[in-house]
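> Structure of the sequence below:
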Amino acid sequence: MLPIAEPARIAVATERPYQVLVGNGLLAEVPALLGAGVQRVALLHPPTMIKTAEQLLHLLTAAGLEPVRVDVPDAEAAKSVAVAERCWSILGNAGFTRSDGVVGLGGGATTDLAGFVAATWLRGVRVVMVPTSLLGMVDAAVGGKTGINTAEGKNLVGCFYEPAGVVCDLDLLATLPSPHLVAGLAEVIKCGFIADPEILTMIESDPTSAVRADSPVLRDLVERAVSVKARVVAADLRETTSTGSTVGRELLNYGHTIGHAIERRERFGWRHGDAVSVGMVFAAELARLAGRLDQQTAGRHRAVLSSVGLPTSYAADAFDDLLQTMALDKKTRGSTLRFVILKGLASAEILAAPEEDLLRAAYASVAQ
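Sure, this is the predicted structure:
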């Protein structure tokens, strides 16, 4: 048996710096990341993660900690006020103090919830994220955004709160259904277009390896995507530096404005990455029609995304619904609809208040 390679340790240099560990066999790193002084640990996880949760409970107990298991619903159903309230109640009944901690084990929805619960309990306790999906590893668990959903939209209630650490154990991807792994690649490809074009070259060279959980190519892609997000977040944790056409952390929202609208229209029945994939094709065409992006780079979106099996189109009759939903999305400021668009590879700007006719024309590129 080959020795397990040392994990990559990617620094996120925010106000409260932390590391993202990427590699195999990393669950044993979790107790140390919680830090000295922590006694009780709430382990939040969905039903699908029971076996991994039991393994992690054993590791926490062996490290002298007192874990409390907190079962939460799977996927977006976890991100509600009612579920957060139940978590707070469990912490209160278990006597959690400000020196105790939380571990979020699961996909992006679970880590979003865990971060929000940790940030709001006694105004902040330590939290370690253990994402179990590709999407969680490269996006949701990294960056310090926490949140829950409301009837009015996704992630409208939340706060910025850095974790004590993130553990991306690639072994956890082995049982991830293929459609979910593919969906997570949308956020990886996004990082390629907005900051690291080598990601695109790697996928174009070997799209089959990019969708294999045990592939060294996938590990490299994860490390690159996490590094992109770490750099962007370190420069603009609270998304405050996007002014005019200048892009700060809002850069990470590429493809998300219409992507979130698709998710809501589908009542979150669509995978996040699938919706963002369509959103990126739309954003590329919007940029092309606005005279900001060349045809080759715009067309490259559809080619790269479809090469790994991601969708690039959506219902032709959905535009009016999506436009109404986008107006409520958190990427509007002062009632102005804003889109992150490209003016070239790894070069972005903000397109604010585009004309509806332009949006309709861009939507024609994804209408099916």
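
> Touching, Gly309 and Val211? I think so.
Yes. Judged on C-beta atoms under 8 Å, Gly309 makes contact with Val211 at a distance of 7.0 Å. No exception for glycine: its C-beta is placed from N, CA and C like everyone else's.

> Give me the longest helix you can find in the protein.
Longest helix of the chain, by residue count under DSSP state H: helix 216-235.

> State the next helix or strand along the chain beyond it.
Downstream of helix 216-235, the next assigned helix or strand under DSSP states H and E is helix 256-265.

> Next, the angle helix 256-265 makes with whichever helix or strand comes after that following helix.
In the C-terminal direction, the helix or strand that comes right after helix 256-265 (DSSP H and E) is helix 272-289. Our comparison of helix 272-289 with helix 256-265, counting by axes from the mean of the first three to the mean of the last three C-alpha atoms, to 10 degrees, yields an angle of 140 degrees.

> Can you pull the poorly scored residue ranges out of the stretch 151-300 of the chain?
241-246 (pLDDT under 70).

> Would you map the strands across the stretch 51-200 of the chain?
Taking DSSP state E, counting those that start in this stretch to define them, one finds strands in the stretch 51-200 of the chain at 66-71, 101-106, 126-131, 145-150, 153-160, 165-169.

> the more surrounded of Gly309 and Val211?
Higher neighbour count among Gly309 and Val211: Val211, with 20 against 16, using other C-beta atoms under 10 Å.

> give me phi/psi at that one?
phi -100, psi 10 (degrees, to the nearest 10).

> right, and it touches Leu185 too?
Yes. The pair Val211 / Leu185 is scored as a contact, 6.9 Å apart, by C-beta under 8 Å.

> picking up where we left off before, for Ala316, which of the strands of the stretch 51-200 of the chain is the nearest?
When those are compared by C-beta to C-beta, strand 153-160 sits nearest Ala316, at 23.4 Å.

> what does the closest one contact?
For strand 153-160, the external contacting residues (C-beta atoms under 8 Å, 6 or more residues apart in numbering) are 76, 79, 81, 112, 116, 119-120, 144-150, 237-238, 260, 263-264, 268, 325, 328-330.

> what's the angle from that strand to strand 145-150?
Angle between the axes of strand 153-160 and strand 145-150 is 140 degrees (criterion: the same axes, to 10 degrees).

> For strand 153-160, C-alpha coordinates in CSV please.
What follows is strand 153-160, C-alpha atoms only, in CSV (Å, rounded to 0.1, in the frame of the first residue of the first chain):
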residue,chain,number,x,y,z
GLY,A,153,-35.0,33.4,-0.9
LYS,A,154,-31.8,31.5,-0.4
ASN,A,155,-29.1,32.6,2.2
LEU,A,156,-31.0,35.8,3.0
VAL,A,157,-30.3,35.4,6.8
GLY,A,158,-26.7,34.8,7.8
CYS,A,159,-23.4,36.4,8.8
PHE,A,160,-19.7,36.3,8.0
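
> Between Gly309 and Val211, which contacts overlap?
Val182.

> Return the most buried member of the strands of the stretch 51-200 of the chain.
Across the strands of the stretch 51-200 of the chain, averaging neighbours per residue (mean count of other C-beta atoms under 10 Å) puts strand 101-106 on top, at a mean of 31.

> Can you give the distance of it from its chain's centre?
Using C-alpha atoms, centre = their mean, to the nearest Å, the mean C-alpha position of strand 101-106 is found 16 Å from that of the whole chain.

> Listing partners with orientation, what would you give for that strand?
strand 40-45 (parallel), strand 126-131 (parallel) (DSSP bridges).

> could you redo those as a markdown table and give each row mean pLDDT and distance to Pro31?
Below are these laid out as a markdown table (pLDDT from 0 to 100; distance: least, C-beta to C-beta, whole Å):
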| stretch | mean pLDDT | distance to Pro31 |
| --- | --- | --- |
| strand 40-45 | 98 | 8 |
| strand 126-131 | 97 | 9 |
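
> Which among the ones you listed is found nearest to Phe319?
Phe319 lies closest to strand 126-131 among these, at 33.3 Å (C-beta to C-beta).

> Dump the C-alpha coordinates for the closest one into CSV.
Provided in CSV are the C-alpha atoms of strand 126-131 (Å, rounded to 0.1, in the frame of the first residue of the first chain):
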residue,chain,number,x,y,z
ARG,A,126,-15.3,27.7,17.4
VAL,A,127,-16.4,25.7,14.4
VAL,A,128,-14.6,23.2,12.2
MET,A,129,-16.0,22.3,8.8
VAL,A,130,-15.8,18.8,7.4
PRO,A,131,-17.4,19.0,3.9
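
> contact partners of that strand?
27, 30, 33-35, 38, 56, 100-108, 111, 114-115, 118-119, 136-137, 140-142, 161, 163-169, 172.

> Show me the domain layout of this protein.
8-173, 178-363 (automatic domain parsing).

> chain center to stretch 107-118: distance?
Distance, centroid of stretch 107-118 to centroid of chain: 11 Å (C-alpha atoms, centre = their mean).

> Distance to Ala287 added to the strands paired with strand 101-106, as TSV?
Below are the strands paired with strand 101-106 laid out as TSV (distance: least, C-beta to C-beta, whole Å):
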stretch	distance to Ala287
strand 40-45	39
strand 126-131	30
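
> Ok, which of those comes nearest Leu60?
With C-beta to C-beta, the closest approach to Leu60 among the strands paired with strand 101-106 belongs to strand 40-45: 5.5 Å.

> quick revisit: buried residues in the longest helix of the chain?
217-230, 232-234 (16 or more other C-beta atoms under 10 Å).

> That helix - contacts with which helices or strands?
strand 8-12, strand 18-23, helix 178-194, helix 198-205, helix 207-210 (3 or more C-beta pairs under 8 Å, 6 or more residues apart in numbering; DSSP states H and E).

> Compare the ones you listed and give me the one nearest Ile50.
So among the helices and strands packed on helix 216-235, helix 178-194 is nearest, using C-beta to C-beta, at 17.6 Å.
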